[in-house]
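Undergrad: compute the structure for the input listed below.
(chains A and B)
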Amino acid sequence: MPSATLLGQALISGVLAGGLYGLLAMGLSLSWGLLRLVNLSHFALAFLSAYIVYELGTTYHVEPWWSAAMVVPLMFLIGAGQHWLFDRFKVNELASLLITFSFAVIVEVAIQLYWTADFRRYETEYATRSIKAGPFYIPVMELVLCIVAGLIAWGTWLWLRRTYVGKALRAAAEDAEIAAAYGVDHKKLAYLLSGIGAAYAGIAGTFIALIATLAPAQIWAYLGVVFAVVIIGRLGNPLGALAAGMLIGASESIAMAVLSPAWAPVVSFSVLIVILLWDPDWL
Amino acid sequence: MVDRRGAWRRRGVLAAMVGGTATLAASSILRAAPSGKPVRVGGTLSLTGFLAQTAAIHKIASEIMVEEINGRNGFLGRPVEYVLLDDQSKPEVARSLYEKLITVDKVDLIQGPYATAPILAAMGVAQRYGKVMVQSSMGIPKLQTYDRAFPATPFGPEPNVTYPNVILDAMAKFPTPPKSMVILTSKFPSAQFMALGMKEQAGKRGVKVPLYLEYESGTRDFGAIAARVKEANADFLWVGSLGLESNLLLEALRKLDYTPKNSFHLYPAPGPLALSPDGDKALCSTFLEPDEPFMSRPGMKRIAQEFKEKATKANLPYTTIDAQACGMVAEWQILEAGVNGAGSLDDEKIAAWLKKSKVETIYGSTRFDGPYNHGDAAQLIKQVQDKKWKVVWPPEFAAPGVKLIAS
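TA: Below you'll find the model as predicted:
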């Protein structure tokens, strides 16, 4: 039987790891829920951002926070540009899946051409720091990630519910024609939302550079678990995405501690199936 | 008095020049540049996909060897042309591409792909067409049941028995020999195979294994695993890791303020682990390193230098030649020896010659007359010392002044 310390430590690790799942899921959830576009290139943009942060940090010794200040606006522009293409070619939900998959593959190949397929690791002195709280250790970087993810989720939730733009976006997602009749310019708002979703990928990428291993094929490593998080957290709901990410992260980690690490990948989809069968009101 | 010493010196220089020119001329006549229709050698590497980081190393090693072989006499006086395709790290793609190489591209000879699963896929095709296949990375030798498949790497027929004992022998020489061991392994087949062997051999030699864990390849977060390793607090940590998994585990342990007493890592990314602040004194498997006594092997210095230049040009982060790259070097050396020895490109004749002969490769003298065409096992242990990998065990393979250090 695992000790209370082991369980507690596993829970902390899992919740913090879930913060990254939630952060990655947010942009995908917004795009899917409010624009009806399934943007698989979100993962590629996150890793492209991570590689840029890595390059700026290792080659030019730019602090990651300054790198983020450059990468996030760049991703916003790429996201808005992507939406121009979707709009120009009237891409629907299913087609978006295929097109953004192709885009992700192109980004993967481009990353491999420039940075090679070899593993890259951005070593920073603060990436492995921890805070001791009783018998537990809380990794600082993962904690910062969770705080940032929480602030973004909360801010986005408020923006969608309390501002005219947010309400207009939700109205357009429900029925674009009726929303247009009330003066909502859905097309312009969609550019904004696409840009924001991609910017979130930029923020997630900054943290990926600091806490994870970089390799081009890693783009696909988060695909399954983040899709489960998006569905469990409900489409278009940033707070739901973060909560679901933490739930999945904690479940995986507890499974690793109590059963075996080999069970962890099964957990996210098991939780998804259980919740879909349960069909709670909030889903 | 006439100074005869100057005259003799001039004559000596002249004689040396004439002799040198004659030697060069003779060698250029004897080793005429290969000519005629190229001998096409086909193979796949995982140029994309999750194994792609190793393919870059193997591709460079192949390029060097094709240049070397063509700089000698090619294959039977004909230039060698390497037809390389990308199997995308997928066994099913490797299988189709070997079929294409043999039936459509009509290559004369083939080279094996990288990693157990693509090798097994390609081996089935090679067997169907009776082609000789030399491979360097089949981690589970007993799966190599095709009699014309030859290993370039000296794993020996039972690395799951021999290698754990090399590690246990080294551990026994620590000032305080470890009495307990945590075994943690990726479920990648060859790593899992070795982990099970380690567990069994440790038990036989009285080393307790309080924790044995398997994790999926591609595990993203090692926090919970690290917590279990810390709680077990064994004398030795054995990790069946691939790529950067060891780095991620050691970082996760450091976040818990825990440093394993001694640790061994099976197939880590060598550069990142050596350079990591957590990698100091980490142990790892190897067959040779760019150090003495290995650098004195024929061609090793030149190949190591060429590898460094090409790897730098290819923007690889770790440009030092290692056992991984040497596997591909040995593949080409074995194929070259087989063709020359048989005096033919016929697969049956090459296979027959290899089975009864010894081949001098970068790994040393290699034979193929044991089970699964394997010869003797030649596993060594290397250790990170001052951010560099040094062979430390067995002691006769350690560079002068280098010793195994217990943490």
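Undergrad: please count neighbours and contacts with C-alpha atoms only from this point.
TA: OK.
Undergrad: let me know the next secondary structure element after the helix-or-strand element of chain B with minimal mean pLDDT.
TA: When each helix and strand of chain B is scored by mean pLDDT, DSSP states H and E, helix B:4-30 comes last, with a mean of 48. Using DSSP states H and E, the helix or strand that directly follows helix B:4-30 along the chain is strand B:39-45.
Undergrad: tell me what the host helix or strand of residue B:253 is packed against?
TA: Here residue B:253, judged by DSSP H and E, is contained in helix B:245-255. Judged by 3 or more Cα pairs under 8 Å, 6 or more residues apart in numbering or on different chains; DSSP states H and E, the packing partners of helix B:245-255 are strand A:136-139, helix B:223-232, strand B:263-268, helix B:270-275.
Undergrad: mind putting the ones you listed into JSON lines with mean pLDDT and distance to residue A:255?
TA: Output for the helices and strands packed on helix B:245-255, formatted as JSON lines (pLDDT from 0 to 100; distance: least, Cα to Cα, whole Å):
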{"stretch": "strand A:136-139", "mean pLDDT": "94", "distance to residue A:255": "18"}
{"stretch": "helix B:223-232", "mean pLDDT": "94", "distance to residue A:255": "9"}
{"stretch": "strand B:263-268", "mean pLDDT": "93", "distance to residue A:255": "24"}
{"stretch": "helix B:270-275", "mean pLDDT": "85", "distance to residue A:255": "28"}
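Undergrad: possible to save the ones you listed as TSV with distance to residue B:205?
TA: TSV is the format used below for those (distance: least, Cα to Cα, whole Å):
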stretch	distance to residue B:205
strand A:136-139	36
helix B:223-232	20
strand B:263-268	17
helix B:270-275	29
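Undergrad: who in the stretch 1-150 of chain B is up against chain A?
TA: Counting by Cα under 8 Å from any Cα of the partner chain, the stretch 1-150 of chain B comes close to chain A at B:48-50, B:52-54, B:56.
Undergrad: show me the shaky parts of the stretch 51-200 of chain B.
TA: Counting by pLDDT under 70, the stretch 51-200 of chain B contains no low-confidence residues.
Undergrad: can you pull out the helices in it?
TA: Ranges of helices in the stretch 51-200 of chain B, per DSSP state H, counting those that start in this stretch, are B:52-72, B:91-103, B:116-129, B:159-172, B:189-204.
Undergrad: now the second one against strand B:39-45, angle please.
TA: The one in question is helix B:91-103. Going by axes from the mean of the first three to the mean of the last three Cα atoms, to 10 degrees, helix B:91-103 is angled at 170 degrees with respect to strand B:39-45.
Undergrad: name the residues that touch helix B:91-103?
TA: B:42-44, B:85-88, B:106-108, B:113, B:117-122, B:124-126, B:129 (Cα atoms under 8 Å, 6 or more residues apart in numbering or on different chains).
Undergrad: which entries within these meet the buried criterion?
TA: Those of those that meet the buried threshold are B:42-44, B:85-88, B:107-108, B:113, B:117-122, B:124-126, by 16 or more other Cα atoms under 10 Å in any protein chain shown.
Undergrad: show me chain B divided up by domain.
TA: For chain B, automatic domain parsing gives the domain ranges B:39-154+B:298-373, B:159-286+B:380-397.
Undergrad: which stretch among the ones you listed comes nearest residue A:281?
TA: domain B:159-286+B:380-397 (31.5 Å; Cα to Cα).
Undergrad: ends of that closest one, how far apart?
TA: Start and end residues of domain B:159-286+B:380-397 are separated by 19 Å (Cα to Cα, to the nearest Å).
Undergrad: tally of neighbours for the residue of the stretch 101-250 of chain A found nearest chain B?
TA: Nearest residue of the stretch 101-250 of chain A to chain B, counting by Cα to the nearest Cα: residue A:118, 4.1 Å away. Residue A:118: 24 surrounding residues under other Cα atoms under 10 Å in any protein chain shown.
Undergrad: neighbours of the closest residue to it other than its chain neighbours, how many?
TA: Nearest residue to residue A:118, sequence neighbours excluded (Cα to Cα, 6 or more residues apart in numbering or on different chains): residue B:53, at 4.1 Å. If you count neighbours by other Cα under 10 Å, residue B:53 ends up with 23.
Undergrad: what sits against residue B:53?
TA: Contacts for residue B:53 (Cα under 8 Å, 6+ apart) come out as A:116-119, B:47.
Undergrad: and those as CSV, adding secondary structure?
TA: What follows is those, written out as CSV (DSSP: H, G, I helix; E, B strand; the rest coil):
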residue, secondary structure
A:116, coil
A:117, coil
A:118, coil
A:119, coil
B:47, coil
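Undergrad: could you identify the most distant pair in those?
TA: Using Cα to Cα, those span at most 13.8 Å, a distance reached by A:119 and B:47.
Undergrad: which one of the contacts of residue B:53 is nearest to residue B:242?
TA: For the contacts of residue B:53, the nearest to residue B:242 is residue A:119 (11.0 Å; Cα to Cα).
Undergrad: what's the pLDDT at residue 261?
TA: You didn't say which chain, so I picked chain A. Looking at residue A:261, its pLDDT reads 90.
Undergrad: the intended chain is chain B.
TA: With respect to pLDDT, residue B:261 has a value of 92.
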